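S.K.: What would the 3D arrangement of this be:
(chains A and B)
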Amino acid sequence: MKIRKNVAISESGYIFNPTTGESFSVNPIGIEIFYMIKEGKSYEEISKTILANFRTDEDTFEKDYHDFVGLLNHYLLIEKENEKEN
Amino acid sequence: MEKQRYERPVIKKLETNMPNKFGLRTEYLPKTHIDGVAVNELLKEHGSPLFAISESTIRKIYREAKKAFTTRYPKVQFAWSYKTNYLDAVCRTFHQEGSWAEVVSGFEYDKAINNGVDGNKIIFNGPDKTEEDLEKAIKNGSLIHIDHLDELYSIIEMAGKMKKKPKVAIRVNMDTGVYPMWDRFGFNYENGQAWDALNKIMRSEKLELIGLHCHIGTFMLSAAAYSAAAYKLADLALGVKKKYNHDIKYIDMGGGFASKNTLKGSYLPGSDINPTFDDFAEAITSALINSNFEPDNLPLLILETGRALIDEAGFLLGSVISNKRSSLGKRTTIIDIGVNILFTSFWYDHKITPAQEFTHYAEDTTLYGPLCMNIDVVRESISLPLMNKGDHFVIHHVGAYNMTQWMQFITLRPKVVMIDDNGNVHVIREKETLDQITQMEKVPEHLKEFDLS
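M.R.: From the prediction side, this is the model:
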């Protein structure tokens, strides 16, 4: 899973997708996860980092992570496997 | 290093078009305490969900309402509307403040008597008073507000038999310029029904006509309508004086004052736009004072407002069961409060505030109750701070009607606590139990056994 290369994110969590012209805002934990996905980290690595830093459990995070990734997909921020890079 | 508070990751599309149906974020501070008592502690001790009533808020709002009227009119009496909330502790708080009782059934009448209210301080309204109810009310000298001619004839007949002169008023309905016009209760002013009833009472000589009553609607957003109603009742009272040389002792303007809740579909919050007690008081008292009553012989003004006095004092505390997404990706949240205990969610967009700290991030959400029924929607669309499973929240302004119109449906009704002026918590209604529900049932002998093997 890869974030589209041309998607830009600011430190405050403002995301711009030039392909669709849409912009988004993410909360701080969303920014962290977004960067980790961008860096190519696996779910296991991301989960380990989050559980080490936040008061939550694995089940809750797993559910929320997949919900978040589902929305990134929905908003076309993630490159499909068979899609050519922009 | 201490771990940070977890908030689920969210991404929100930024839109620059017209405001959407979810509205703008409204919650900026959590509601962690009610009258100094921690919401989380209340839920820990008494379970979730939980109704909490603030005694000091009841007293504060009552005094505000009373002040609005007594500073404008010399003779004012409030009567607590039992149907709005007839938990004994609530009724007694209003009685301690000086309210009489206003009841609309034999059940409510008995409740008022059990609460220690003198019979002559009970106003008996409503279309369904049985002979047994009327007999009790006549014997106790209660104020019987006649709704229809059949009731009037019954009372005349009973008065003859009991050799006692019942104290009566008639309920009058009228056009006050608002829609819908409530004409199902009482006698109409414009078409002469009211005069017809008054003539029958005066000529029978068996009843003591002491008052005139109206109740023009519910959740009234126009104070001016009360002015029209007060003028019409004053006109009737002055007409009775002229025709029969009989003084009407009181004018009862009923209730129906809007509380600070926000009606569904309203663009602005009720707390900003609904009329205040001062607005209602100004409309009513000006009409009475400006009518042709002699200044030294003004009738007593009775008010039966319920909703506007108790709504703000009631809170409903609950917990998040789950966060989900609909097929279209919309956020939905399931809470442990359903429409069976929050009846008013059919009419209002209730204000809902998390009971713990939150960030400024919010999500457009639909709030579903816990019932396995499609109708169980507490808020169709609300912009809420992020809450996790198990997080607590407070629903505001639920004091009116929810603790009387609630249903034992699918789940059991929760506990109700009252927080007194000193911050002490009192259980004023226990949580229902399965035994209480089933003890009223009877199983026929032939249905007692079955074999599913």
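
S.K.: and chain A, which of its residues are near chain B?
M.R.: Within chain A, the residues that sit near chain B (C-beta under 8 Å from any C-beta of the partner chain) are A:15, A:22-30, A:33, A:52-56, A:60-61, A:64-65, A:67-68, A:70-72, A:74-75. Quick note: C-beta positions are derived from backbone N, CA and C, even for glycine.

S.K.: now the residues you listed: which count as buried?
M.R.: If you count burial by 16 or more other C-beta atoms under 10 Å in any protein chain shown, the buried members of those come out as A:15, A:24-27, A:29-30, A:33, A:54, A:56, A:60-61, A:64-65, A:67-68, A:71-72, A:75.

S.K.: how far away is residue B:87 from chain A?
M.R.: Taking C-beta to the nearest C-beta, to the nearest Å as the measure, residue B:87 and chain A are separated by 38 Å.

S.K.: Touching, that residue and residue B:403? I think so.
M.R.: Yes: the pair residue B:87 / residue B:403 is scored as a contact, 5.8 Å apart, by C-beta atoms under 8 Å.

S.K.: quick one, which of those two is more surrounded?
M.R.: Neighbours per residue (other C-beta atoms under 10 Å in any protein chain shown) separate residue B:87 from residue B:403, with residue B:403 holding more: 24 against 19.

S.K.: any idea which element the more buried one lies in?
M.R.: Assessed by DSSP states H and E, residue B:403 sits inside helix B:402-405.

S.K.: What helices and strands are in contact with that helix?
M.R.: Under the contact criterion of 3 or more C-beta pairs under 8 Å, 6 or more residues apart in numbering or on different chains; DSSP states H and E, helix B:402-405 touches strand B:314-325.

S.K.: After the strand it packs on, which helix or strand is next?
M.R.: strand B:331-335.

S.K.: any idea of the mean pLDDT in whatever helix or strand comes next after that next one?
M.R.: Once strand B:331-335 ends, the next helix or strand along the chain (criterion: DSSP H and E) is strand B:352-354. Averaged over strand B:352-354, pLDDT sits at 95.

S.K.: Quickly run through the sheet partners of strand B:352-354, with directions.
M.R.: Strand B:352-354 has its sheet partners listed here by DSSP bridges as strand B:392-395 (antiparallel).

S.K.: Could you list the low-confidence segments of chain B?
M.R.: Using pLDDT under 70 as the threshold, the predicted model of chain B has low-confidence ranges B:17-27.

S.K.: what comes up buried for the lengthiest helix in it?
M.R.: In chain B, ranked by residue count with DSSP state H as the criterion, the top helix is helix B:224-244. If you call a residue buried by 16+ other C-beta under 10 Å, then helix B:224-244 has these buried ones: B:225-234, B:236-237, B:240-241.

S.K.: anything in contact with each of residue B:87 and residue B:403?
M.R.: Taking C-beta atoms under 8 Å, 6 or more residues apart in numbering or on different chains as the contact definition, residue B:87 and residue B:403 share the neighbouring residues B:416, B:429.

S.K.: Can I get the helix or strand hosting residue B:154 as PDB, trimmed to CA atoms?
M.R.: With elements taken from DSSP H and E, the one containing residue B:154 is helix B:149-162. Output for helix B:149-162, consisting of C-alpha atoms alone and laid out as PDB, is shown next (Å, rounded to 0.1, in the frame of the first residue of the first chain):
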ATOM      1  CA  LEU B 149     -70.500  19.200  28.000                       C
ATOM      2  CA  ASP B 150     -70.900  15.500  29.000                       C
ATOM      3  CA  GLU B 151     -68.500  16.200  31.900                       C
ATOM      4  CA  LEU B 152     -70.400  19.400  32.800                       C
ATOM      5  CA  TYR B 153     -73.700  17.500  32.900                       C
ATOM      6  CA  SER B 154     -72.100  14.700  35.100                       C
ATOM      7  CA  ILE B 155     -70.800  17.300  37.500                       C
ATOM      8  CA  ILE B 156     -74.100  19.100  37.800                       C
ATOM      9  CA  GLU B 157     -75.800  15.700  38.500                       C
ATOM     10  CA  MET B 158     -73.200  14.700  41.000                       C
ATOM     11  CA  ALA B 159     -73.400  18.100  42.800                       C
ATOM     12  CA  GLY B 160     -77.100  17.500  43.300                       C
ATOM     13  CA  LYS B 161     -76.500  14.000  44.700                       C
ATOM     14  CA  MET B 162     -73.500  15.000  46.900                       C
END
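
S.K.: So which other helices or strands are in contact with the next helix or strand after that helix?
M.R.: Read in the C-terminal direction, the helix or strand following helix B:149-162 is strand B:167-173, with elements assigned using DSSP H and E. Where contact means 3+ C-beta pairs under 8 Å, 6+ apart, strand B:167-173 is packed against strand B:143-146, strand B:187-188, helix B:193-204, strand B:208-213, helix B:224-244.

S.K.: out of the ones you listed, nearest to residue A:8?
M.R.: Shortest separation from residue A:8 across the helices and strands packed on strand B:167-173 is recorded for helix B:224-244, at 56.7 Å, computed as C-beta to C-beta.
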